[in-house]
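Enquirer: Sequence and computational prediction follow.
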Amino acid sequence: MSISIWRYSHLALAVSSFIFIFLASVTGIILAFQPISNNLQPYKVANFEEITLAEVLDGIKQNYDEVLDLQIDANGFVLIDAIDMEGEMVNGYINPSTGEYLSERIETSKFFQWVTNFHRSLFLKGIGRFFVGLCSFLLFLIAISGLILILKRQRGIKQFFSKIVNDNFNQYWHVVLGRLSLIPIIIITITGVYLSLEKFDLLPNEKTKHQIDFESLSEIPKLQIKDFELFKNTKLSDVKQVEFPFSNDVEDYYTIKLKDKEVVVNQFTGKVLSEINYPLVTLFSSLSFNLHTGSGSILWSIILAIACVNILFFIYSGFAMTLKRRASKLKNKYKKDACKYIILVGSENGSTLSFANALHRQLLNIGETSHITELNKYAIFEKAEHLIIITATYGQGEAPTNANKFLKRLETIKQVQPFTFSVVGFGSLAYPDFCQFAFDVDKALLNTNGNQLLEPFTIHDKSYDAFYQFTKQFGEKVGLQISISKNKLTAKPNQNKKLKVVSKTEVEANVDNTFLLTLKPKKIHKFTSGDLLAVYPKSDYRERLYSIGKVNGNIQLSIKYYKNGLGSNYLNDFKINEKFKARIIQNSAFHFPKKASRVILIANGTGIAPYLGMLHQNKRTETHLYFGLRTQASFSMYSNQINAFLQQKKLTKSNLVLSQEAKKQYVQDALSLDAAFVAQTLYNGGVVMICGSLAMQKGVLSVLESICVKYNNKPLSYYQNNQQLKMDCY
Ligand SMILES: Cc1cc2nc3c(=O)[nH]c(=O)nc-3n(C[C@H](O)[C@H](O)[C@H](O)COP(=O)(O)O)c2cc1C
């Protein structure tokens, strides 16, 4: 079944029952405190687990004139119903070791009684009980459909508990808490249903009936109670209740209710007269009661209370997510066949949709004809001149649900007139397949009669700034002035890592206006070389990303200074020991390979930053560096670190390639010269990493493509699919 069906089922179940579930959860939280407060009473003795029934009954016999009944509750408190030596009726707690009377029985407070009644039946008697039982069952189904959604999201049971990327508060905590409270919720619901079925007599009801041979009853040999074999061998902790004989008649006996069976014992000889194991229904009933109410266990009561709080959060976050998904509705002024611009959207949770909608509205505002629809509704658009595809990526580089049929439809539906296409990918660098679906869409469109207007444009983490850049580029191509308002599209960044400036080189000291900045995270944060540091120069939506090199636990950045550059000015202005907040973004697609026969690192300019960290961390992998700079003087800032890596054998060979001096080469020229070596590296399972400018990336990729085809008879994409090519270019 597809994810959308499970999601609709999950939602439909939640919508149909949420009021009852809300009420049951609120009352459930309150009721969880009842066993806790009971359990905290001082009526349990220290040796409760060791003391035997024989010792207890002997003590009682000596302290009370007549005993009717003895019960051990879920907290391990011993309750007695007896007449004391002064002839007074007593009904309360005793110390089982001494028989001493401690206190009267705790009566459930009126408040707890009221809440319990409401929780069980909403004060609606039978019908209320029925609804509560039904909702318990619906909550069970919600938990199961939620479990399936998590399994689908995590791609199987093995990754069930693997890390979840936090790119949306409600979604993140809905999944994280869902995983943690799944088992308690399933237990609460199953036991709730069981208890309801029991109340409606829908379970087989087998009464325990002892068969006693009264003819053969005998009063001899008469033994003291403390010498009864069964009583000596039974621990008090295994007993639930003891019913005492009514009279001294041999036909009256002790009935001992243990946890798993009921035993009848001759009051004179201690002989076992009958023994019946409880049916499973009875065992489940008491288990269900204890598990559902938390009776007898403070820990379990707390878990139940937390699970109920989580249910309230699931109701809130589930509806918040649904409302967000529905908020960005697709509204069209013009029919699909009347428009010059067609915006096709792929979005799971609605954020991509709000960006696409903003562009759509802007096109309409400036008097253009624009039609917006889901990628799955791809059709013939008779007057379309420009298709703009704006799509998120899900799963492992896959399509969002409303775009999963697009590639198939594209194969069969041909536009009737020439058109251009521009693809915008929304994604997150925290996933290895960054914006992969957008790339797949672009590739598929290249095989149609459409012309690519712009290269695929990727946007990390819903960046308004990046989207603005796209609309500007697009506007220039089609001759329109597009200006997207940032209202509603911008969320304040979550700048949660405090960093302290440890060292900084001077911009003026470097011929390329580049400086090295070393930052110390305030707390220990998990990050590694290749991850990204997002800084927010104006504390607003504007984000600047820098590749991190991890050196001695610090973050080392290499930054090119631009006179009007927002990010570089912001970072350059910091003084040593100054602190600021920024965000570390995991970029697992660009981590140094854990296992590789050989690694080739290719960089130009500041693209060296992550490699300085990777080489620092490198233990024994054979690594070759191709580093492109303008002049020998540009290298002075890095020479100490690189020479040290060579000496420590962390770097096998360094190829410095200068574009303005000596042979005037670019890195791709050096790679062409070492073509056989590069081909052999890929052939043997080695990894090639590229970091730096997009122009350099383009040149390098084209050289690598020819090398792979010429030497290895394989396209570069083969190695890319094999995770042997890692790139982080800007
Ligand atoms: C379960 C899940 C899987 C994701 N997988 C990827 C992925 O493989 N590649 C990627 O670039 N982004 C991935 N993302 C990030 C989303 O594409 C990104 O958050 C996007 O902005 C969501 O857009 P939407 O709100 O329109 O659905 C994933 C997000 C989630 C929640």
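Expert: That came through, no problem.

Enquirer: Residue of the stretch 501-650 of the chain nearest the ligand, please.
Expert: residue 589 (9.2 Å; Cβ to the nearest ligand atom). Heads up, the C-betas are built off the backbone N, CA and C, glycines and all.

Enquirer: Oh, that last question was meant for the chain, not what I typed.
Expert: For the chain, Cβ to the nearest ligand atom, closest residue to the ligand: residue 427, 2.2 Å.

Enquirer: can you list the weak-confidence ranges in this protein?
Expert: 1-2, 206, 327-328, 487-488, 490-495, 524, 541 (pLDDT under 70).

Enquirer: quick one on the thing from earlier: count of residues packed around the residue of the stretch 501-650 of the chain closest to the ligand?
Expert: For residue 589, the neighbour count with other Cβ atoms under 10 Å is 16.

Enquirer: Same question for the one 10 residues further on.
Expert: Other residues near residue 599 number 24, with proximity taken as other Cβ under 10 Å.

Enquirer: in terms of contact, does it touch residue 625 like I think?
Expert: No - applying Cβ atoms under 8 Å, one finds residue 599 not in contact with residue 625, separated by 9.3 Å.

Enquirer: what residues do the two have in common as contacts?
Expert: Shared contacts of residue 599 and residue 625 (Cβ atoms under 8 Å, 6 or more residues apart in numbering): none.

Enquirer: mind listing the strands for the stretch 351-500 of the chain?
Expert: For the stretch 351-500 of the chain, the strands defined by DSSP state E, counting those that start in this stretch cover 370-374, 386-392, 420-427, 451-460, 497-504.

Enquirer: Near the ligand, which residues of the chain? Just list them.
Expert: Neighbours of the ligand within the chain, by Cβ under 6 Å from any ligand atom: 153, 167, 347-353, 392-397, 400, 426-428, 431, 433-436, 462.

Enquirer: Just the ones of those residues in helices?
Expert: 153, 351-353, 436 (DSSP state H).

Enquirer: among the residues you listed, which ones are buried?
Expert: The neighbour count (16 or more other Cβ atoms under 10 Å) marks 351-353, 436 as buried among those.

Enquirer: Rebuild the strands of the stretch 351-500 of the chain as JSON lines, extending it with mean neighbour count.
Expert: Below are the strands of the stretch 351-500 of the chain laid out as JSON lines (neighbours: other Cβ atoms under 10 Å):
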{"stretch": "strand 370-374", "mean neighbour count": "22"}
{"stretch": "strand 386-392", "mean neighbour count": "25"}
{"stretch": "strand 420-427", "mean neighbour count": "25"}
{"stretch": "strand 451-460", "mean neighbour count": "17"}
{"stretch": "strand 497-504", "mean neighbour count": "17"}
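
Enquirer: can you give me the strands in the stretch 151-300 of the chain?
Expert: Taking DSSP E, counting those that start in this stretch as the criterion, the stretch 151-300 of the chain carries its strands at 239-243, 253-258, 261-266, 272-277.

Enquirer: next one: the stretch 551-700 of the chain
Expert: Counting by DSSP E, counting those that start in this stretch, the strands of the stretch 551-700 of the chain are 554-560, 579-585, 599-604, 623-629, 653-658, 687-692.

Enquirer: Adjacent strands (with direction) for the fifth one?
Expert: In the sheet, strand 653-658 lines up against strand 623-629 (parallel) (DSSP bridges).

Enquirer: so how far is stretch 572-591 off the chain centroid?
Expert: Its chain's C-alpha centre and that of stretch 572-591 lie 25 Å apart, by Cα atoms, centre = their mean, to the nearest Å.

Enquirer: Many thanks, I have nothing further to ask.
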